[in-house]
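Asks: Got a predicted structure plus its sequence, pasted below:
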Amino acid sequence: MTVKQLRAFLAVAQTLSFTQACERLHLSQPALSLAIKGLEDSLGGKLLIRSTRNVRLTPEGESLLPLAKHLLAQWDNTEERLRQRFTLQLGRLSVAAMPSFACNLLPSALVTFRRQYPKINITVHDVINEEVIDMVRSRQVEIGIAFSPEGIGSLTFTPLFEDQFIAVVSPQSSLAEAKTLSWATLLKQDFITLQRPSMVRRLLEQELAKQHIELPVAFESHQLSTVGRMVADGLGASAVPSMCIQQMHQLGARCVPLTSPGIACRVGILTYQELSVAAQALRKVLIESINTPSLRLSSAIQHTTVL
């Protein structure tokens, strides 16, 4: 039983005329008759009784009529919904992003995406870096934004930018007016950072260990917002990726470039195999809308004096 055969049957059943059905479907009478015969053969019996004067339905044809209407309506609805998805007029997309990106850079990208594709709804999972990777790998989400993983296996990593860690200090601290800070100077302060297994914490510990520097932690928290507020209130100092500058300023802290050593990390898009049309569109928007970290850093530092 094919859609073409059902459409042929429905046209004849509704008009009770092969001539009118042919006009509706733009088919020749032989083609229409062949479609009806094919449907009857596949179902195993007569659906229509045709005489020289009229056409009428058999009892089996009468029982098929409402089912045919329902099936064709479902088919047309499915076809239309898929067409809308392919043309980005309808759809839902799930994205996972580490909190530092989800809070600071993702919203502006989503504004651009929403402006272009207002009918695509998005669920954002702001989870730690490791969970982003797991959610993409288990196909719970189509797109993940994370630091470059050590081993990606079947995943694809598309770099967006390389981010630099910057120092976060209290506005009351003498360090707030510095042009740059070394790690040796920063670590003379009580150090505040994220709890393990945060990737930010792990990156700091790994990179400082290469310089034979131990990370002394006085305070730790699960949330960057808590870290920023602790620093702003004078509990100590911290170091975060430069994509968090705006967030740190909003919390009342000050940001200063870090050197000796400079610590960088690649941030990018994680995907698994083929993406839906909606996910492809979001990936394109993310790549186009993310500014370089150097521009974000210089812009944010320029505003520290007025915050």
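Replies: Okay, I see it.
Asks: how's the protein carved up into domains?
Replies: Domain ranges of the chain: 3-74, 86-153+271-289, 161-264, per the TED database.
Asks: now for those domains, which one comes closest to residue 80?
Replies: Closest of these to residue 80 is domain 86-153+271-289, at 9.0 Å (criterion: Cβ to Cβ). Just so you know, the C-beta spots here come from the backbone N, C-alpha and C atoms, and that holds for glycine as well.
Asks: from the chain's centre, how far out does that closest one sit?
Replies: 2 Å (Cα atoms, centre = their mean, to the nearest Å).
Asks: Give the buried residues for stretch 238-251.
Replies: With burial defined by 16 or more other Cβ atoms under 10 Å, the residues of stretch 238-251 counted as buried are 238-249, 251.
Asks: err, stretch 65-74, not the other one
Replies: 65, 68.
Asks: Report the distance from it to the chain centre.
Replies: 36 Å.
Asks: quick one: low-confidence ranges for this protein?
Replies: Applying pLDDT under 70 to the chain picks out residues 291-307.
Asks: what about the longest helix in it?
Replies: Longest helix in the chain, counting residues (DSSP state H): helix 59-86.
Asks: That helix: what's the following helix or strand?
Replies: Heading C-terminal from helix 59-86, the first helix or strand you meet, by DSSP states H and E, is strand 91-97.
Asks: separation between the one residue sitting closest to the centre of the chain and residue 86?
Replies: Closest to where the C-alpha atoms of the chain average out (Cα atoms, centre = their mean) is residue 95, at 3.1 Å. For residue 95, the distance to residue 86 equals 20 Å [Cβ to Cβ, to the nearest Å].
Asks: can you check residue 159 too?
Replies: Relative to residue 86, and taking Cβ to Cβ, residue 159 is found at 28 Å.
Asks: Just put the domains of the chain in a markdown table and tack on distance to residue 80.
Replies: Output for the domains of the chain, formatted as a markdown table (distance: least, Cβ to Cβ, whole Å):
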| stretch | distance to residue 80 |
| --- | --- |
| domain 3-74 | 11 |
| domain 86-153+271-289 | 9 |
| domain 161-264 | 39 |
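Asks: Helices of the chain, start to end?
Replies: Assigned by DSSP H, the chain shows helices spanning 3-15, 18-25, 29-43, 59-86, 99-104, 106-116, 129-137, 183-186, 199-210, 224-232, 245-250, 277-289, 293-302.
Asks: buried set for the third one?
Replies: This points to helix 29-43. In helix 29-43, counting by 16+ other Cβ under 10 Å, buried: 32-33, 35-36, 39-40.
Asks: Can you list the helices and strands that that helix packs against?
Replies: helix 3-15, helix 18-25 (3 or more Cβ pairs under 8 Å, 6 or more residues apart in numbering; DSSP states H and E).
Asks: List the contacts of that helix.
Replies: Identification of contacts with helix 29-43 by Cβ atoms under 8 Å, 6 or more residues apart in numbering yields 1-2, 4-6, 8-9, 11-12, 18-19, 21-22, 25, 27, 46-48, 60, 64.
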